[in-house]
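J.: sequence and computational prediction follow.
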Amino acid sequence: MWLQKEMMLCFSVSGVFEEIEATSQGCFRAFTRTFIITPGSSGCLCIVNDHLFVRDARPDEIRVAFSMPVATPCFSSRSSLSEERLRMVQAFSIQSGMTFEWSQKCLEDNEWNYSRAGESFMVLQDKIPREAFKSTP
């Protein structure tokens with residue numbers, strides 16, 4: 001988040017992804033998506049501006065993005081997650097700063113809809129307990 005005012009919120013999300021389409025398979029791209037959000041009616045948020053920038057990823061970005069160590073499971077439901085959901089939880093944990101368990105709960109509560117989980121996080125982040133977030137050294 002790079003700007004927060006009473007009537008406006010501006011933030012960017014960045015990352016790296018691998019294209020899986022047959023014509024572009026193996027191509028790694030970096031992206032930055034920037035949002036400007038204002039309060040809407042009935043307590044909703046309204047995206048008034050959304051910019052997406054995509055470029056070829058640098059080798060160091062690819063290495064960092066795809067060499068993420070898989071954390072040791074600390075409770076049984078982690079092992080029952082599909083590979084896709086495990087990746088979703090790991091990505092959500094990185095982007096939100098929440099622990100794996102809280103990130104999984106947020107995604108489960110939003111029926112594994114990543115966008116909706118992100119919106120819920122943005123709306124409720126001031127109400128989320130501190131223990132939900134990774135401790136910083």
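T.: Here it is on my side, so go on.
J.: so where's the protein shaky on pLDDT?
T.: Segments of the chain classed as low confidence (criterion: pLDDT under 70) are 22, 24-25, 67-79, 135-137.
J.: the helices in it, which residues?
T.: 59-66, 83-96, 100-109, 114-124 (DSSP state H).
J.: go through the ones you listed and name the closest to Glu131.
T.: Checking the helices of the chain against Glu131 by Cβ to Cβ gives helix 100-109 as the closest, at 8.3 Å. Glycine gets a C-beta too; all of them are placed from N, C-alpha and C.
J.: how near is the residue lying farthest from the centre of the chain to Cys106?
T.: With distances taken from the mean C-alpha point of the chain and given as Cα atoms, centre = their mean, the most distant residue is Thr23, at 26.8 Å. The spacing between Thr23 and Cys106, counted by Cβ to Cβ, to the nearest Å, is 35 Å.
J.: can you give the domain ranges for this protein?
T.: For the chain, the domain assignment from automatic domain parsing gives the residue ranges 1-66, 68-137.
J.: what sits against Met1?
T.: 9-11 (Cβ atoms under 8 Å, 6 or more residues apart in numbering).
J.: ChimeraX command for the buried members of these?
T.: Selecting the buried subset of the contacts of Met1 in ChimeraX, with 16 or more other Cβ atoms under 10 Å as the burial test, is done by:
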select :9
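J.: just the contacts of Met1 now: which is nearest Cys46?
T.: Cys46 has its nearest neighbour among the contacts of Met1 in Leu9, at 10.5 Å by Cβ to Cβ.
J.: okay, the closest one and Trp2: tell me how far apart.
T.: When distances are taken as Cβ to Cβ, Leu9 and Trp2 turn out to be 10 Å apart.
J.: repeat that for Glu111.
T.: Counting by Cβ to Cβ, the gap from Glu111 to Trp2 is 30 Å.
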